[in-house]
Structure formats: structure tokens, C-alpha cells
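**Q** With the sequence up front, the predicted model follows.
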Amino acid sequence: MDATLPGTIREQNNTTNGPSGIPIIFVHQGYSFYLEYTLRQAVHSNPDSPIHLLGDAENNRFPFVMHHTIGDFLNADTDLFKSVYQHDSPNHYDYELFCFVRWYLVKELMKREGYSQVFVADSDVMIYSNMTTYINEAGLKNYLAAYNIGVDYQWVRSASGHSSYWTWEGINRFCELTVNLYTQPRFTAFMDQIKAEKIIKNDRAGISDMTALYVFYEEENSKIRNLSECVDGSAFDHNISMATNYNVDEYEFGLGRKKITIKNDWPVAYNVLLKKEIKWHTLHFQGNSKNIIHRYYTGGGLLGSKAFRELRFRASVLYHMVR
């Protein structure tokens, strides 16, 4: 794999006459209504960052972000991974394979744009912090990467990159690891152990890129920052539909999600262990929680859409109550 450091021709983290903030990357196939919210929220909170969407023809409809076609970013590295990948998940083969491939797409975009560091968000993640400010103040450049790892990660053998920071060295090492998981005896034996544990625990999660992120954390522990942990009164949401973030039952919970309120354009929730309100840099609207994503949008220009989504959500709730 080509690990040549980007930025030798163009200044790192800057495109010619373009935004100078740390780049933010989304990867999404097809069109989903919530893209209108997550992409606009990222632009709202990060006006100085280039916002990239690695997508396809169906979602090439947002002129305020930099759109790229996924097919144009497939290369020899993605071909190599596809040749060694072994599917072991209840999810569909194509879905699980793409979850791995997306990290190669991020790596290829970083190489082409000359980026030495980026923030990557799943398409159902709302970003409220200025990532350039946060990453610089938190000293993340001293790490290979940063992503969400819960307190029970060793039990579930899983970590999540839905909100993640990557250096060029970090993304290269991770992509190299994903190949090694299926080709090197030390890692294949470890993967067999993980699969056996999942069968014993009746865990249907299977093997995914979240498993690979967990192994990467085990390998590079001190060089990976855990974004789930509350630091200086703030954290990155693991899943809005869980009271657990870094610790078990850490936040006030009700109606199937963390009790989040918006104060001065910032989402906050009460941490029952620390006994104080915590600010969220991101919120992750996993699964059905996407249906309320409009309630947490803090940008402008979507009043009509927000009203429509709220009416639709309430009608759905009423339908299921009387059915």
C-alpha cells in the first residue's frame, strides 16, 4: 500500500484558494432524507472546513459540499482487500464489505487532496463543534486516530468510527491492519477467538469493521484517543439511543434515548455519574432515531422541512399507538 505522506506538493490541510479548516468527510450510498440535516449541520458548525461527500449520482444534490463519486476512488488497495475479505456477519455481504472499503476511500481522498488529518462522520451524525478548534485544542494530532470505544468494548470486541479523527499515518496503519486480519496467522487466530466468543455469547453482531477498529485499538492503545469519554465537560455521542456512552448508564435516559436539550445551539445532557451537564460535540442518530434528527438541527434554512418531518413523526407515533 502506498503510504506516501500527502502535502508535499500542496500545503497540508489546505486546497488552493479553498477552506483552511480540518476537512470533514462523509461517505454515503444513495439518497436519504437525513443527509439534508447532517451535511448542513456540518457546514453550519464548521464554515472554514472543506466538507466532502463520497457518494453517488443519487446524492449529488448538495451544492454546499464537495461531492465525489465512490467508483472513482476504488483502486488496487480496495481490490486487494476484497480479495482477502471473508464474510462472517448476519448483515448482507455487500453492506459489510463496503463498511470496510469506506476507510480505503477516506485514505484515497486524503492522498488526492493532500490532507494530513481529517474528521470522518457517518451520514447520521450531527456535528456541533468546530472540529478544527477542538482537534487543535485537544491535541489530537499527537494520536494516530480517535474514535468511540465504550466501557464494555472488551466484552463486545467492538469499537465505532462513526465520529472519528484520522491522521495520514493512522489511516494507513488501519487499512494495512484490515488486510492483516485475514492474512497473518497471529491475527487470523485472534479473529477465530473473537468469533468463538460471539457464538458463546449469542452475539449476532458478527465480524465487521467495528471489530477491526477494536483490534486496532488493542494494537495501538496509547496512540488512540477514546472519544466516548467525557473530557473537560464534553464528549462525542456513541449512540443517542443508549444511556451508556463511555460508562454504563452514564446519562439521563427517557423515551428510548438520552435526554438531550439544546442550549445556545449546543446539545447537552446530564451525566448521572459526574452529576453535571455535558456538552456534545456530536450526536449519533443510529437506527430509528433518524426520524427525530430534525429536532436537533441548529442551522438555518430548513423550517419547512423540519415542520414536515415533525408532522410525519407524530403521525407515525399516533398510528402505532392506535393500530
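**A** Sure, I can see it.

**Q** Surely Arg312 forms part of a helix?
**A** Yes - looking at Arg312 with DSSP: H, G, I helix; E, B strand; the rest coil, it is inside a helix.

**Q** and the gap between it and His52?
**A** Noted for Arg312: a distance of 29 Å to His52, by C-beta to C-beta, to the nearest Å. Heads up, the C-betas are built off the backbone N, CA and C, glycines and all.

**Q** between the two, which one's more packed in?
**A** The residue with more neighbours, out of Arg312 and His52 and counting by other C-beta atoms under 10 Å, is His52; that gives 23 against 13.

**Q** can you pull the contacts of that one?
**A** Under the criterion of C-beta atoms under 8 Å, 6 or more residues apart in numbering, the contact partners of His52 comprise 23-26, 65-68, 109, 113.

**Q** Throw together a PyMOL command that grabs the buried residues out of those.
**A** With 16 or more other C-beta atoms under 10 Å as the criterion, this PyMOL line picks the buried residues out of the contacts of His52:
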select buried, resi 23+24+25+26+65+66+67+68+109+113
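
**Q** any idea which of the contacts of His52 is closest to Ile278?
**A** Sorting the contacts of His52 by how near they are to Ile278, with C-beta to C-beta, puts Ile24 at the top with 22.3 Å.

**Q** low-scoring stretches of the chain, by residue?
**A** 1-18, 154, 199-205, 319, 323 (pLDDT under 70).

**Q** domain ranges for it?
**A** Using automatic domain parsing, the domain ranges for the chain come out as 24-226, 234-322.

**Q** From start to finish, how long is the first one in a straight line?
**A** Going back to what we said before, that points to domain 24-226. End-to-end distance of domain 24-226 (C-alpha to C-alpha, to the nearest Å): 19 Å.

**Q** Give me the distance from it to the chain's centre.
**A** Here domain 24-226 is found 6 Å from its chain centre; the criterion is C-alpha atoms, centre = their mean, to the nearest Å.

**Q** again with stretch 304-321
**A** Between the centre of stretch 304-321 and the centre of its host chain there is 27 Å, according to C-alpha atoms, centre = their mean.

**Q** And it, what's buried?
**A** Neighbour-count burial for stretch 304-321, with 16+ other C-beta under 10 Å as criterion, is recorded at Arg309.

**Q** And for stretch 250-261?
**A** With burial defined by 16+ other C-beta under 10 Å, the residues of stretch 250-261 counted as buried are 250-251, 253, 257-258, 260.

**Q** Nearest to Arg157, out of those residues: which one, please.
**A** In terms of C-beta to C-beta, no member of these lies closer to Arg157 than Glu250, at 20.7 Å.

**Q** pretty sure that closest one contacts Lys275?
**A** No - with the criterion set as C-beta atoms under 8 Å, Glu250 and Lys275 do not qualify as a contacting pair; they are 11.4 Å apart.

**Q** Check the gap between the closest residue in space to Tyr85 that isn't next to it in sequence and Val84 for me.
**A** If the residues on either side of it in the chain are set aside, Tyr85 comes closest to Leu97, at 5.9 Å by C-beta to C-beta, 6 or more residues apart in numbering. Per C-beta to C-beta, Leu97 is found 11 Å from Val84.

**Q** quick one: Glu36 and Asn46, what's the gap?
**A** 17 Å.

**Q** And Thr244, by the same measure?
**A** Applying C-beta to C-beta to Thr244 and Asn46 gives a distance of 28 Å.

**Q** can you tell me the helix or strand for Pro19?
**A** Secondary structure assignment for Pro19, by DSSP states H and E: no helix or strand.

**Q** could you check the distance from the closest residue to it other than its chain neighbours over to Glu250?
**A** In space, Pro19 comes closest to Pro50 once its chain neighbours are excluded; the distance is 4.7 Å by C-beta to C-beta, 6+ apart. If you measure Pro50 against Glu250 using C-beta to C-beta, the figure is 34 Å.
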